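Peer 1: take this sequence and fold it.
(chains A and B)
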Amino acid sequence: MVDIARASGVSRAPARRPGRLPAIRRLRRAVTPLAWLGPAIALIVVVVLWPVYVMFNTSFQHFSPDGFLLGPAGSRNFTDLFAESGLSGILERTVIWVVVVVGVTMLISLALAQLFNQRFPGRRVARWALIAPWAASVVMTSLIFRWALDPNSGVINVFLHDIGLIKSFGSNEADWLGRPASALIWMIVVAIFVSLPFTTYALLAGLQTIPGELYEAARVDGASHWRVYRSITLPLLRPSFLVALLINVINVFNSFPIIWEMTQGGPGHETATTTVFMYQLKQAYIGESAALSVINFGLVIVVVLVFLKVTRWRDQVTA
Amino acid sequence: MTDLVATERPLARVRADRARRLPASRKLILAVVAYLIAIIFLLPYAEMVITAMRPPKELLSAGYLPHHWDFSNFTSIWKTGFGTNLNVSLEIAGGATVLVLLVALPAAYYTARHRFRGRGLFLLLVLVTQMFQPAAMLVGIQREFLSFGLPSPVFALILVNAGFNLAFSVWILNAYFSSIPAELEEAAMVDGTGRLGALRRITLPLALPGIVTALIFTFIGAWNEFLVALTLTSAPNQYPLTVAINNYVGQYSVDWGHLFAGSVIATIPVIILFAFIEGRVVSGLTAGSIK
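Peer 2: Predicted coordinates:
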């Protein structure tokens, strides 16, 4: 379709108008795309690009705790940020958070996509249930888990008590969110839970693009299930796997509601990631918060660039 | 000789057939495992509904199900200003959806139909914004809208939600428009309809599944957005649902009954919308992100 349009445009136009295009026509040619794309570009500039500029600007300004601009700050916001005693722990936790959540999500989703790609009666309903954590707001899902982990009457604790893993309610061992280490584990569980639907569906979409004849040919040749999966499914699933991986890394890195609703990053900053820490700082130290945002933003850019480079996505986009 | 070939062919076909079709017992195991997983995915939301119907007195008793069912949370919640919050969410999500439609449709159509200088750059810009999240630039968004002195946070949230959901819509619509042959439009134009007539009668109806999918994804995204809404709103009558629900969490106690009743009400529209596009979620993702 594209080729036909291009071919007709190229071959017909010079035949009718040899030589230079009239100035008005050339102007129209340059302006027409702007009329169609202008609103989209304007929206992106106002909502996405301009805030980036403002954020950079803010990171070099000095603010009073209640938000009044006091003047330029030079690089003080950054030196203050790096002097924060909790920062190394927060960075370490952010890496653990992203790697564990995304890694486990991708592994489970591979299995789920394989399972839900099989034909069995009632598949539609089962797939539909899978969407639930995607449809419900993450705020709500996080609050459900916070409630279910309530040390006195949370349903998860009731269950753990019934099977004998917890001896008494209201005890320290039942207070999962009160201890930073166990709180982080539970928040990772919730983050995986809410990431699974999108990832599984993205991989399902990838599985459906693999032609069935390939499988039949492999089976006629007598290849084992595992061999078929390794040699056909995994390589052909690569594009959707990479897209899901990238989107998950960015989503999980920027994830805010789970930690905010379950522990608010506390006690202190002991369960905060850099995104949550940025929000905690924003309450009183806007400049420092902006400095951390700049660093977060830089990390996202690096991840995206590495991804585009590794997958040579640009070629596919502009082709 | 011919006999040999004739008997070999069907044999191979039978074998391939048998391999493709799963044995009944395996199929049963697969189905049971899948149902179990589906139930695990629904359990937290079942707990949400159950807690919403738990009488306040039973909130502290440890048991799976309440002894009495109590629906009063669903009626008393409207006295906490929840109706206003529902309205705000409808305005934000509805406004963002309309704005995305108005902005993404022409951009996606033009990039699908024309090759022009800057096309690759525009598509790359869209792709890159898909990678950005409001959380990474929250301070910038907050200070930008403060400096604008915007009268209503609803307007700001419409802009922000539209801006961050635009990329996905442009991609998915671009893929749909590209898959509709330009000859169809040209044929209609030859038959005497103008360019806009061809667009209205041929292209838009054919792209309708893509348009609906893009709009529903935008609506759900805006409906569930939390962080920017939390940052840009300051009074309870400005809160959308996610912030209002978060607000039932007090400093010392949590109003779990209203919190989950509100969550149930807020989730119902999303479930209905997802039901509309259930079959297209997979194809939508293929078009939108794996091009």
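Peer 1: determine the set of other helices and strands touching the host helix or strand of residue B:266.
Peer 2: For residue B:266, the host element (DSSP states H and E) is helix B:256-277. With contacts taken as 3 or more Cβ pairs under 8 Å, 6 or more residues apart in numbering or on different chains; DSSP states H and E, helix B:256-277 sits against helix A:132-135, helix A:138-148, helix B:24-52, helix B:72-76, helix B:82-113, helix B:204-224, helix B:241-246. In short, each C-beta sits where N, CA and C put it, glycine included.
Peer 1: alpha carbons only: can I get the helix or strand hosting residue A:57 in PDB?
Peer 2: Taking DSSP H and E as the definition, residue A:57 sits inside helix A:50-58. Taking Å, rounded to 0.1, in the frame of the first residue of the first chain, the C-alpha atoms of helix A:50-58 are listed here in PDB:
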ATOM      1  CA  TRP A  50       8.500  21.700  29.100                       C
ATOM      2  CA  PRO A  51       8.300  20.100  32.600                       C
ATOM      3  CA  VAL A  52      11.700  18.500  31.900                       C
ATOM      4  CA  TYR A  53      13.100  22.000  31.300                       C
ATOM      5  CA  VAL A  54      11.400  23.300  34.400                       C
ATOM      6  CA  MET A  55      12.700  20.400  36.400                       C
ATOM      7  CA  PHE A  56      16.300  21.000  35.400                       C
ATOM      8  CA  ASN A  57      15.800  24.700  36.200                       C
ATOM      9  CA  THR A  58      14.400  24.000  39.600                       C
END
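Peer 1: could you see whether chain B lies near the helix or strand just after that helix?
Peer 2: Note on helix A:50-58: by DSSP H and E, the next helix or strand toward the C-terminus is strand A:61-63. No. Applying Cβ under 8 Å from any Cβ of the partner chain, one finds strand A:61-63 separated from chain B by no less than 9.5 Å.
Peer 1: for burial, what's the neighbour tally of the residue in chain A that chain B sits nearest to?
Peer 2: Here chain A gets closest to chain B at one residue, residue A:47, 2.8 Å apart by Cβ to the nearest Cβ. Neighbourhood size, residue A:47 [other Cβ atoms under 10 Å in any protein chain shown]: 24.
Peer 1: now whichever residue of the stretch 151-291 of chain B sits closest to chain A, nearest residue through space, not along the chain?
Peer 2: Residue of the stretch 151-291 of chain B nearest chain A, by Cβ to the nearest Cβ: residue B:163 (2.8 Å). Nearest-residue entry for residue B:163: residue A:47, 2.8 Å, with adjacent residues in sequence omitted and distances by Cβ to Cβ, 6 or more residues apart in numbering or on different chains.
Peer 1: what's the distance between the one you found and residue B:156?
Peer 2: Distance, residue A:47 to residue B:156, using Cβ to Cβ, to the nearest Å: 9 Å.
Peer 1: what of residue B:46?
Peer 2: Using Cβ to Cβ, residue B:46 is found at 36 Å from residue B:156.
Peer 1: also residue A:173?
Peer 2: Distance, residue A:173 to residue B:156, by Cβ to Cβ: 45 Å.
Peer 1: so which of these two has more stuff around it?
Peer 2: Set side by side, residue A:173 and residue B:156 show more neighbours around residue B:156, with 24 against 14, by other Cβ under 10 Å.
Peer 1: contacts only, for the nearest residue to residue B:56 once chain neighbours are set aside.
Peer 2: For residue B:56, ignoring the flanking residues on the chain, the nearest one in space by Cβ to Cβ, 6+ apart is residue B:257 at 5.9 Å. Neighbouring residues of residue B:257 by Cβ atoms under 8 Å, 6 or more residues apart in numbering or on different chains: B:51, B:52, B:54, B:56, B:59, B:73.
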